[in-house]
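Visitor: Take a look and give me a structure for this.
(one chain, ligands or ions: 3)
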Amino acid sequence: MPQLYQDDSLTLHTDLYQINMMQTYWKLGRHTRRAVFEVFFREMPFANGYAVFAGLERMVDYLQHLKFSETDIDYLRELDYPEDFLDYLRNFTFSCTVRSVKEGELVFANEPLVQIEGPLAECQLVETAVLNIINFQTLIATKSARIKSVIGSDPLLEFGTRRAQELDAAIWGTRAAYIGGADATSNVRAAKIFGIPASGTHAHALIQSYGNDYEGFKAYAETHHDCVFLVDTYDTLRVGVPAAIKVAQEFGDKINFQGVRIDSGDMAYISKKVRQQLDDAGFTEAKIYASNDLDESTILSLKMQKAKIDVWGVGTKLITAYDQPALGAVYKLVSIEDEKGEMKDTIKLSSNAEKVSTPGKKQVWRITRGSDGKSEGDYITFSDERPDLVDEIYMFHPLYTYINKNIRDFKAKALLTEIFVDGVLKYQLPSLVDIKEFARENLSELWDEYKRDLNPQPYPVDLSQELWNHKMRLISQVRTTVAETRLDKNEI
Ligand SMILES: Nc1ncnc2c1ncn2[C@@H]1O[C@H](COP(=O)(O)OP(=O)(O)OP(=O)(O)O)[C@@H](O)[C@H]1O
Ligand SMILES: O=P(O)(O)OC[C@H]1O[C@H](OP(=O)(O)OP(=O)(O)O)[C@H](O)[C@@H]1O
Ligand SMILES: O=C(O)c1cccnc1
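Guide: Numbering: from 1, shown residues only. Ligands and ions are numbered 1, 2, ... in the order given. Below is the predicted model of the structure:
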């Protein structure tokens, strides 16, 4: 077991290089320079048309408790950091201003999701944990929304804890899955601490321990109400379902028979046969639950095959985001105070045009049509631009500028909200149910073309003219400077 400390904190939940950079900044008097960092991802997860933002609540908790404990300092001393730097860390408090998209908001590639502004050393320390939280939770919330989108109004049960990447991922993954679309979870602790509905049937072990379906179901019925029987332990159609029906008939109202779960075989074929058996026995209201390595494509295929499945239990492929294990969000410096106390915007160049970062402290605006509230695209501006106060905006693709449109009669909603101001929490965290409802409403406002599972239309994420001009200017400035400072320039 790990060494447990009474004053353990998440402050050292960072990469060593962040502390190394803090030391450099501090020693050379750069640590208090004002900096602005922004979190964004470059590619849509699962090639989906949207992502569902999640992780803010945990990020707030992490930032609120940021403080090096005595044992943190002792440990850093063991790593040979000098005493004067350790004194600085001992007195460290988080004083940044943080803006973030709200949980349950739909987000897209290349737009700032979180913005951290404050003393350079503080901004640097939190990169690792902020990305750790946002990358995971946004990924799972998005996967859940994809799965829910093919399921429709049928219940989606989150069953993944046993296959999750350890305990923490199961708990916070369950919360993210709930935001994205899951209706309930099998994880009792997640249900308890987040107030998510708990849901569960029983496993094959129960039947195996009694040796046959009938005895197993009977034992379960004697001790439970609202029973769902798992019918595929030995032979679903010949043994499992007949035994479930027999027990349901024998116990009648005493158990309020809810239905059966199938967990193997051809679920289209089997579910239709099971439906027939239940209906023939008069259990027309009984539900058929299905589980077994389900994801959005198997569920879509089962729906197309007209499988008679009413409730979907999804584990492994949801909680592990099976087809894409990481979101890939990054944390980039976009502006830094210079020697004269002026903010200078920074850019990261790349030979790949899509990877060139957008400089400056920004705001993201969701542009929707005034007539029906449907999305037009996102519009990234400098933080002090106000597209919500003008009558018309010009939106154009930042790489293919000939794709453009003028928009009138629109609403512009700022997505980055103030969470902390100078280290003080200003944001009232919404309830989880409200976050889930917010995500649902946001999805209902998005065009179907962006929501389809396969090859969705790319959602427009455009830059304001001012920001685009600034980016172009900085690109050419940086190119000139790089050319001048190249050590090998005499050789060319
Ligand atoms: N009709 C169907 N159409 C599409 N996919 C299906 C269908 N029926 C089952 N599947 C999916 O096919 C995959 C494999 O199913 P299979 O019947 O081989 O289960 P299995 O895992 O081998 O069974 P067991 O759990 O008994 O080992 C699962 O992901 C399941 O969800
Ligand atoms: O397939 P997933 O989407 O990951 O959903 C969770 C799975 O966990 C259980 O199986 P497991 O074999 O672990 O236990 P069991 O004995 O109850 O079937 C359950 O029966 C599901 O198949
Ligand atoms: O309740 C269930 O049926 C369940 C729970 C966890 C994993 N698989 C199934």
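
Visitor: which residues sit in contact with the most centrally placed residue in the chain?
Guide: With distances taken as CA atoms, centre = their mean, the chain has T138 as the residue nearest its mean C-alpha position (1.0 Å). With contact set as CB atoms under 8 Å, 6 or more residues apart in numbering, T138 has these partners: F41, P45, A51, V52, F53, A54, G55, V107, L113, A176, L327, A329. From N, CA and C alone the C-beta is placed, and that goes for glycine too.

Visitor: now, which of those residues lie within strands?
Guide: Here DSSP state E is the test, and those give A51, V52, V107 as lying in strands.

Visitor: is it true that the first one touches F40?
Guide: No - contact status for A51 versus F40: not in contact, 10.9 Å apart, counting by CB atoms under 8 Å.

Visitor: can you tell me which residues contact L302?
Guide: Applying CB under 8 Å, 6+ apart, the residues near L302 are M267, A268, S271, A290, I309.

Visitor: which stretch of helix or strand covers it?
Guide: When secondary structure is defined by DSSP states H and E, L302 falls within helix 296-304.

Visitor: out of the ones in strands among the contacts of T138, who's nearest ligand 2?
Guide: Here the nearest of the ones in strands among the contacts of T138 to ligand 2, counting by CB to the nearest ligand atom, is V52; it sits at 20.0 Å.

Visitor: The nearest residue to the closest one once chain neighbours are set aside: how many residues sit nearby?
Guide: The spatial neighbour of V52 that comes closest, neighbours along the chain excluded (CB to CB, 6 or more residues apart in numbering), is A141 at 4.0 Å. Using other CB atoms under 10 Å, A141 has 31 other residues around it.

Visitor: a helix runs through A141, doesn't it?
Guide: Yes - in this structure, A141 lies within a helix as judged by DSSP: H, G, I helix; E, B strand; the rest coil.

Visitor: how near is it to F46?
Guide: In this structure, A141 and F46 are separated by 12 Å, where distance is defined by CB to CB, to the nearest Å.

Visitor: and if you look at L237?
Guide: The spacing between L237 and F46, counted by CB to CB, is 35 Å.

Visitor: what packs against the helix or strand following the helix holding L302?
Guide: On the C-terminal side of helix 296-304, the closest following helix or strand by DSSP H and E is strand 311-314. If you count contacts as 3 or more CB pairs under 8 Å, 6 or more residues apart in numbering; DSSP states H and E, strand 311-314 packs onto helix 120-151, strand 156-158, strand 287-290.

Visitor: Run the contact check for the longest one versus ligand 2.
Guide: No - Helix 120-151 stays out of contact with ligand 2 when judged by CB under 6 Å from any ligand atom, the minimum separation being 10.3 Å.

Visitor: can you give me the strands in the stretch 201-350 of the chain?
Guide: Along the stretch 201-350 of the chain, the segments classed as strands by DSSP state E, counting those that start in this stretch run 228-230, 259-262, 287-290, 311-314, 330-337, 343-345.

Visitor: Which strands and helices lie in contact with the last one?
Guide: Under the contact definition 3+ CB pairs under 8 Å, 6+ apart, strand 343-345 sits against strand 330-337.

Visitor: buried set for the strand it packs on?
Guide: Neighbour-count burial for strand 330-337, counted by 16 or more other CB atoms under 10 Å, picks out V330, Y331, K332, L333, V334, S335, I336, E337.

Visitor: Stretch 420-428 too?
Guide: Those would be F420, G423, Y427, for stretch 420-428 by 16+ other CB under 10 Å.

Visitor: And for stretch 100-117?
Guide: Under the neighbour-count criterion of 16+ other CB under 10 Å, stretch 100-117 has 100-117 buried.

Visitor: Single out the residue in the stretch 351-492 of the chain that lies closest to ligand 2.
Guide: At 17.9 Å from ligand 2, D453 is the closest residue in the stretch 351-492 of the chain, using CB to the nearest ligand atom.

Visitor: Please name the nearest non-neighbouring residue to that residue.
Guide: If the residues on either side of it in the chain are set aside, D453 comes closest to E296, at 5.8 Å by CB to CB, 6+ apart.

Visitor: show me what contacts that neighbour?
Guide: Listed by CB under 8 Å, 6+ apart, the contact partners of E296 are R146, I147, S149, V150, D453.

Visitor: need those in CSV with neighbour count and distance to Y5, can you?
Guide: Formatted as CSV, the contacts of E296 follow (neighbours: other CB atoms under 10 Å; distance: CB to CB, whole Å):
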residue, neighbour count, distance to Y5
R146, 28, 40
I147, 26, 39
S149, 20, 44
V150, 20, 46
D453, 16, 46
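
Visitor: What's the mean pLDDT across stretch 174-187?
Guide: Mean per-residue pLDDT for stretch 174-187: 98.

Visitor: and that stretch, does that touch ligand 2?
Guide: No - residues of stretch 174-187 contacting ligand 2 under CB under 6 Å from any ligand atom: none, with a closest distance of 8.2 Å.

Visitor: Endpoints of that stretch, how far apart?
Guide: Start and end residues of stretch 174-187 are separated by 8 Å (CA to CA, to the nearest Å).

Visitor: does ligand 3 sit close to it?
Guide: Yes - with CB under 6 Å from any ligand atom as the threshold, stretch 174-187 lies in contact with ligand 3, specifically through S186.

Visitor: how about the residue in the chain that ligand 2 sits nearest to, what does it touch?
Guide: Checking the chain residue by residue against ligand 2 with CB to the nearest ligand atom singles out G315 as nearest, at 2.6 Å. Shown in contact with G315 (CB under 8 Å, 6+ apart): E158, F159, G160, T161, R162, R163, S291.

Visitor: Can you give me the buried ones in the host helix or strand of W468?
Guide: Take DSSP H and E as the rule and W468 turns out to sit in helix 465-485. Taking 16+ other CB under 10 Å as the basis for neighbour counts, the residues of helix 465-485 that come out buried are L467, W468, H470, K471, L474, V478.

Visitor: Can you list the low-confidence ranges for this structure?
Guide: By pLDDT under 70, the weakly predicted segments of the chain are 487-492.

Visitor: interface residues of it facing ligand 2?
Guide: Near ligand 2, the residues belonging to the chain are 159, 162-163, 203-205, 263, 291-294, 313-317 when assessed by CB under 6 Å from any ligand atom.

Visitor: how about the residues of the stretch 101-250 of the chain that lie near ligand 3?
Guide: The stretch 101-250 of the chain has residues F159, S186, G200, T201 near ligand 3, with proximity defined as CB under 6 Å from any ligand atom.

Visitor: Buried ones only from the residues you listed, please, as a ChimeraX command.
Guide: The ChimeraX selection below is limited to those of these classed as buried (16+ other CB under 10 Å):
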select :159,186,201
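
Visitor: Which strand residues bridge G313?
Guide: With DSSP bridges as the criterion, G313 is bridged to L157.

Visitor: That one - how many residues pack around it?
Guide: When counting by other CB under 10 Å, one arrives at 24 neighbours for G313.

Visitor: Same question for I309.
Guide: Burial of I309 is recorded as 27 neighbouring residues (other CB under 10 Å).

Visitor: and it, what does it touch?
Guide: The neighbours of I309, taking CB under 8 Å, 6+ apart as the test, are D154, M267, S271, I288, Y289, A290, L302.

Visitor: any chance of those residues in JSON lines, plus distance to T485?
Guide: Supplementary listing: those in JSON lines, determined by distance: CB to CB, whole Å:
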{"residue": "D154", "distance to T485": "61"}
{"residue": "M267", "distance to T485": "63"}
{"residue": "S271", "distance to T485": "67"}
{"residue": "I288", "distance to T485": "68"}
{"residue": "Y289", "distance to T485": "65"}
{"residue": "A290", "distance to T485": "62"}
{"residue": "L302", "distance to T485": "60"}
